[in-house]
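>>> just coords:
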Ligand SMILES: [Zn+2]
């Protein structure tokens with residue numbers, strides 16, 4: 001297969017140079033499969049250590065224990081006590097199993113996690129001061145995770161970030177952009193795809209087939225449909241890349257927004273943003289969408 005080298009612009013006007021020629025440059029750093037180093041008895045997020053976290057806000061109960069639980073972040077980015085950075089910062093532990101990666105929790109557990117996520121988003125929006133909830137997951141050191149037990153975070157803010165308003169303004173452009181993406185998996189309500197102008201190697205998106213604003217408005221069937229696509233997509237990204245660090249960003253529409261449709265971005269951190277990216281010149285990606293699609297499709 002010939003190298004693909006070209007420049008493209010995504011729906012937000014971000015320029016990416018796809019340069020597969022760069023993938024051939026010598027690498028002196030190996031990416032190795034991460035191992036869990038903290039024993040469960042010392043893990044803040046493991047069953048039996050609930051006293052190590054702030055008081056629980058919700059849980060999906062299991063007999064004598066739990067399947068998923070949520071609680072305030074001990075080291076918050078926003079707090080109801082802070083006037084200048086008002087908000088809430090919560091953690092959802094997606095699995096009681098310390099050893100499991102997010103891609104390994106199984107479909108029923110993924111459903112439980114998404115149902116709890118829906119409940120927490122709804123609960124946090126009950127605070128009238130909250131205008132937006134940022135939901136994300138950092139998997140692995142390279143993606144900014146500080147605790148290795150798999151978890152997702154919610155930061156409820158008293159403002160709607162400018163970047164979200166811009167995504168909403170560009171909804172039409174986003175729809176066109178997604179239409180041009182290479183499809184990976186599809187079921188009744190959702191599909192996953194490789195966008196045309198990805199900033200990250202193997203960057204993968206998940207989007208609904210019809211407009212859906214936020215998980216808080218999704219019914220059970222839609223949540224189960226999302227569980228299946230999310231799990232299978234993450235599993236492909238994980239296995240094809242030797243279990244990389246990655247971020248999952250959930251772009252939900254703000255409650256009063258009538259235009260924006262949700263989407264999810266899975267961003268594997270297989271390369272580090274360096275001078276070119278930090279200078280704002282654009283982004284370099286040495287895996288073309290075509291190549292990423294062929295690899296993940298397998
Ligand atoms: Zn643990």
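Received the coordinates, thanks. Predicted model, so just to flag it, every value in this text is computed and none were measured.
>>> distance of residue 67 relative to the ion?
14 Å (Cβ to the ion, to the nearest Å). To be clear about C-beta, it is placed using only N, CA and C from the backbone, and glycine gets the same treatment.
>>> the nearest residue to that residue once chain neighbours are set aside in helix, strand or coil?
Leaving aside its sequence neighbours, residue 67 sits nearest to residue 60 (Cβ to Cβ, 6 or more residues apart in numbering; 4.3 Å). Assigned state for residue 60: strand (three-state reduction, DSSP: H, G, I helix; E, B strand; the rest coil).
>>> residue 60 pairs with what?
On the basis of DSSP bridges, residue 60 is bridged to residue 68.
>>> that one - how many residues pack around it?
17 (other Cβ atoms under 10 Å).
>>> test my guess that it contacts residue 112.
Yes - using Cβ atoms under 8 Å, residue 60 makes contact with residue 112 at a distance of 4.6 Å.
>>> what touches both of the two?
Here residue 60 and residue 112 have 67-68 as joint contacts, going by Cβ atoms under 8 Å, 6 or more residues apart in numbering.
>>> for residue 208, grab phi and psi.
Main-chain torsions, residue 208, degrees, to the nearest 10: phi -80, psi 150.
>>> excluding sequence neighbours, find me the nearest residue to residue 119.
In space, residue 119 is closest to residue 58, 5.8 Å off (Cβ to Cβ, 6+ apart).
>>> tell me the pLDDT at the one you found?
Reported pLDDT at residue 58 in the predicted model: 98.
>>> so what's it up against?
69-70, 116, 119-120, 123.
>>> how about residue 193, secondary structure?
Reduced to three states with three-state DSSP, the structure at residue 193 is strand.
>>> quick one, what contacts it?
Contacts for residue 193 (Cβ under 8 Å, 6+ apart) come out as 178, 181-184, 204-207.
>>> for the single nearest residue of the stretch 101-250 of the chain relative to the ion, which non-adjacent residue is closest in space?
Closest residue of the stretch 101-250 of the chain to the ion, Cβ to the ion: residue 149 (3.3 Å). Computed as Cβ to Cβ, 6+ apart, the closest residue to residue 149 that is not its neighbour in sequence is residue 45, at 3.8 Å.
>>> can I take it that the one you found is in a helix?
No - residue state for residue 45 (three-state DSSP) corresponds to coil; a helix is not indicated.
>>> who's in contact with it?
By Cβ under 8 Å, 6+ apart, residue 45 lies in contact with 53, 91, 93, 98, 147, 149, 151.
>>> and what of residue 60?
Applying Cβ under 8 Å, 6+ apart, we find residue 60 in contact with 66-69, 112, 115-116.
>>> just to revisit the earlier point, and the residue nearest to residue 149, backbone torsions?
Residue torsions, per degrees, to the nearest 10, at residue 45 are phi -100, psi 0.
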